[in-house]
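Novice: Please find the sequence and the predicted model below.
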Amino acid sequence: MNDNRNMILAIVLSLAVLLGWQYFYAQPQLEQQQAAQQAIQAEQAKTAGSTTPVVGADGATVSAPGASASQGTVLPRDAALAQSTRVKVDTPKLSGSINLVGGKFDDLRLKDYKQTDNPDSPTVELLSPKGTANPFYAEYGWVADPGASLALPKADTVWSIDGDATLTPNTPVTLSWDNGQGLVFKRTISVDENYMFDVDQSVVNNTDKDVQLYPYGLIVRHGEPQTSGYFVLHEGMIGVFGEKGLSEVDYETVREDGDVRPQSVDQGWLGFTDKYWAATLIPTPGDKFQPSFTYNQVSDNYQSDFLGEAVKIPAGGTGESASMLFAGAKVSNLLDGYQSADNIKDFELLIDWGWFYFLTKPMFWVIDWLYTITGNFGVAILLVTVIVKAIFFPLANKSYVSMSKMKLVQPQMNEIREKYKDDRQKQQQALMELYKQEKINPLAGCLPILIQIPVFFSLYKVLFVTIEMRHAPFFGWIQDLSAPDPTTIFNLFGLIPWDPPSILMIGIWPLIMGVTMFLQMKMNPAPAEPAQQMIFNWMPVIFTFMLATFPAGLVIYWAWNNFLSIVQQGVIMRRQGVKLELFDNLKTTFNRKSGDKKE
């Protein structure tokens, strides 16, 4: 029957899209996602020095290796931190320290975030010093024209601190270093209550000659970090450069294809992004700078850096340069606030909203707003499903009305099929005439399912990339809506002490989703052809296994959406005077299966 064929077509299309989404955009297995949420695993340390940008004779940026440290034994974090004098960092969101050797930002923890959903889990480590398993740090400084015989602060320069030794939102700190040749370098660092540092560099020229220097900032990452591995999510080097806009550079790209140097711009930012965290350099908007993404094969260092335009420091005068450093969690409203308040171009794109930005971000806004009302992201997802249903109600209503009309003319359709059973062309012509006469759209049955696809994608993205969803609990056993349902029927939901493989992790919510999908399909008459019947019977099972690996929040949405669709279709069919097929179809299905067993 055409209505059934249309329904099957819509379901198969949905299945194809979902399978493609899962296996081409989210290929890594469940174990990878779980491992990414555990404590950062130790990797072999490679502690070679960073690469500092220098200025070529033509004014272009050239990267040359700085002082290299020999490879050594991996140190515990506390032991590595104890090797140098430090300035303590203490804010409502951050804890850590700034290394006075090189003035590096190399020790930052995020107070609000644990490495796992266990309350006793350590806080997330964002920046780490050399000597640890995963060095990740930011530096600032100055470079001179080639051939200039000036002593400049380096990666191993020991700075002194002027005044207070603790950096807080209310107490900035100032570092200083005298080169012994008449130049005094100062660096004033301040921080807000979240994750933004202001770095103001100045040089006092006590000589009788003018000096020209170039300010720079860099972020170095030793070795390629463990990533989630999902194609749907960019983790790596990132930046926004003027009119060119967003630039995303994979670790593999810069390692195999060489350095990436966009054109100089006066608006933008650059750095590294992980799934939920980021560290980015933000030159003062309006100041021209040369961005670079580089890889040093010898030291296995990835580096994002910028080189500012020349600052002329007159004899007896002072030269200055200012920039910002973001190091923290990618909280949407914070990034939006920084973008607006500090005029940072497209800073919101630090979150990978994806190609469907126009759907994904509004979806997040609505869910986040509902969360502020309900206090539970799971409840917010249930409510946003109702809102989506309400928005598309006229279209869905029209679709279900058309489907109901098709059921009312089912006797005429059967007569036509019987009359022209040996002539498919005449059969289709007669059916089309009947559809036209009764004002029926045979494709209407596809619409309710097709409408779900863009909503499904946008919700998937919201659950997957936004930190607000990370470790967000629902009720009962669902303690993280961004992770799959942790239960499984194959160990009787924890009663049997056995951990099944990921393919058998079929939790309670995926089962609920499968049942609601099965009931929704049974709202319609069973297809006459055996092949179609098989598809109808096995589709809920396939979806149950497939969606079991998706975030629990998405499965909850799908199950709730199925339930609302069942109610909506049932009400409309009753109003149209169409008999509900649900119970008859269920009875027929199970009676047939029972009969098959007896045979």
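Specialist: Now that the structure is in, tell me what you want to look at.
Novice: name the element residue 111 belongs to?
Specialist: strand 104-114 (DSSP states H and E).
Novice: Now that strand: buried residues?
Specialist: By neighbour count with 16 or more other CB atoms under 10 Å, strand 104-114 contains the buried residues 104, 105, 106, 107, 108, 109, 110, 113, 114. Bear in mind the C-beta positions are built from the backbone N, C-alpha and C, glycine included.
Novice: so the first one touches residue 135, yeah?
Specialist: Which is residue 104. No: between residue 104 and residue 135 there is no contact under CB atoms under 8 Å: 9.9 Å.
Novice: okay, and the common contacts of these two?
Specialist: Residues touching both residue 104 and residue 135 by CB atoms under 8 Å, 6 or more residues apart in numbering: residue 129.
Novice: wait, doesn't residue 514 sit right on residue 541?
Specialist: Yes: in terms of CB under 8 Å, residue 514 counts as a neighbour of residue 541; the distance is 6.7 Å.
Novice: Looking at the two, which has the bigger crowd around it?
Specialist: Neighbours were tallied for residue 514 and for residue 541 using other CB atoms under 10 Å; the higher tally belongs to residue 514 (24 against 13).
Novice: would you list the buried residues of strand 104-114 in TSV and tack on pLDDT?
Specialist: Formatted as TSV, the buried residues of strand 104-114 follow (pLDDT from 0 to 100):
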residue	pLDDT
104	96
105	97
106	96
107	97
108	98
109	97
110	97
113	95
114	92
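Novice: how about low-confidence regions in the stretch 351-500 of the chain?
Specialist: Scanning the stretch 351-500 of the chain for pLDDT under 70 picks out 441-449, 451.
Novice: what's the answer for the stretch 51-200 of the chain, then?
Specialist: Scanning the stretch 51-200 of the chain for pLDDT under 70 picks out the ranges 51-72.
Novice: now the helices: where do they sit in it?
Specialist: Along the stretch 51-200 of the chain, counting by DSSP state H, counting those that start in this stretch, helices occupy 77-81.
Novice: Distance check, the residue positioned nearest the centre of the chain against residue 357.
Specialist: Note on the chain: the residue nearest the mean C-alpha position is residue 465, at 2.4 Å, using CA atoms, centre = their mean. As judged by CB to CB, to the nearest Å, residue 465 and residue 357 stand 11 Å apart.
Novice: Over to residue 573?
Specialist: Counting by CB to CB, the gap from residue 573 to residue 357 is 38 Å.
Novice: between those two, which one's more packed in?
Specialist: Neighbour tally, residue 573 and residue 357, criterion other CB under 10 Å: the higher count belongs to residue 573, 21 against 15.
Novice: Can you tell me the closest non-neighbouring residue to the more buried one?
Specialist: Distance criterion CB to CB, 6 or more residues apart in numbering; nearest residue to residue 573, sequence neighbours excluded, is residue 404 at 5.1 Å.
Novice: Over to residue 266?
Specialist: Leaving aside its sequence neighbours, residue 266 sits nearest to residue 288 (CB to CB, 6+ apart; 4.5 Å).
Novice: per-residue confidence for that neighbour?
Specialist: We have a pLDDT of 95 for residue 288.
Novice: Quick check: phi and psi at it.
Specialist: Backbone torsions for residue 288, taken as degrees, to the nearest 10, come to phi -70, psi 140.
Novice: OK, contacts around residue 91?
Specialist: By CB under 8 Å, 6+ apart, the residues touching residue 91 are 167, 168, 169, 191, 192, 193, 194.
Novice: Which among the residues you listed count as buried?
Specialist: 167, 168, 191, 192, 194.
Novice: could you dump these to CSV with distance to residue 78?
Specialist: Shown next, in CSV, are the buried ones among the contacts of residue 91 (distance: CB to CB, whole Å):
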residue, distance to residue 78
167, 20
168, 22
191, 23
192, 27
194, 26
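Novice: Show me the residues you listed that map onto strands.
Specialist: Using DSSP state E, 167, 191 are the members of the buried ones among the contacts of residue 91 that sit in strands.
Novice: report the longest helix in the chain, please.
Specialist: helix 552-575 (DSSP state H).
Novice: other SSEs contacting that one?
Specialist: The contact analysis (3 or more CB pairs under 8 Å, 6 or more residues apart in numbering; DSSP states H and E) places helix 552-575 against helix 377-391, helix 393-408, helix 447-465, helix 508-521, helix 530-547.
Novice: for the record, mean pLDDT for that helix?
Specialist: On average, helix 552-575 scores 87.
Novice: now that helix and helix 377-391, what's the angle there?
Specialist: Interaxial angle of helix 552-575 relative to helix 377-391 (axes from the mean of the first three to the mean of the last three CA atoms, to 10 degrees): 30 degrees.
Novice: Which positions within helix 552-575 qualify as buried?
Specialist: For helix 552-575, by 16+ other CB under 10 Å, it's 552-566, 568-569, 572-573.
Novice: again with stretch 199-218
Specialist: Neighbour counts using 16+ other CB under 10 Å place 199-205, 211, 213-218 of stretch 199-218 among the buried residues.
Novice: ok, of the contacts of residue 91, which one's closest to residue 119?
Specialist: Distance ranking of the contacts of residue 91 against residue 119, using CB to CB, places residue 194 first at 22.8 Å.
Novice: In this structure the closest one contacts residue 335, no?
Specialist: No: contact criterion CB under 8 Å: residue 194 and residue 335 do not qualify, at 10.1 Å.
Novice: what residues does stretch 558-572 touch?
Specialist: Residues from elsewhere that reach stretch 558-572 (CB under 8 Å, 6+ apart): 381-382, 385-386, 389, 393, 396-397, 400-401, 403-404, 448, 452, 456, 509, 512-513, 516-517, 519-520, 523, 547, 580, 582.
Novice: Go again with 6 Å.
Specialist: Outside stretch 558-572, the residues within contact range by CB atoms under 6 Å, 6 or more residues apart in numbering are 382, 385, 389, 400, 512, 513, 516, 517, 519, 520, 523, 580.
Novice: out of these, which one sits closest to residue 292?
Specialist: When those are compared for distance to residue 292 (CB to CB), residue 385 wins out at 45.5 Å.
Novice: what about the closest one, neighbour count?
Specialist: Every residue meeting other CB under 10 Å relative to residue 385 is counted, giving 21.
Novice: ditto for residue 289
Specialist: Here the count is done by other CB under 10 Å, and residue 289 has 27 residues near it.
Novice: That one and residue 283 touch, don't they?
Specialist: Yes: shown here, residue 289 and residue 283 form a contact pair, counting by CB atoms under 6 Å, at 4.5 Å.
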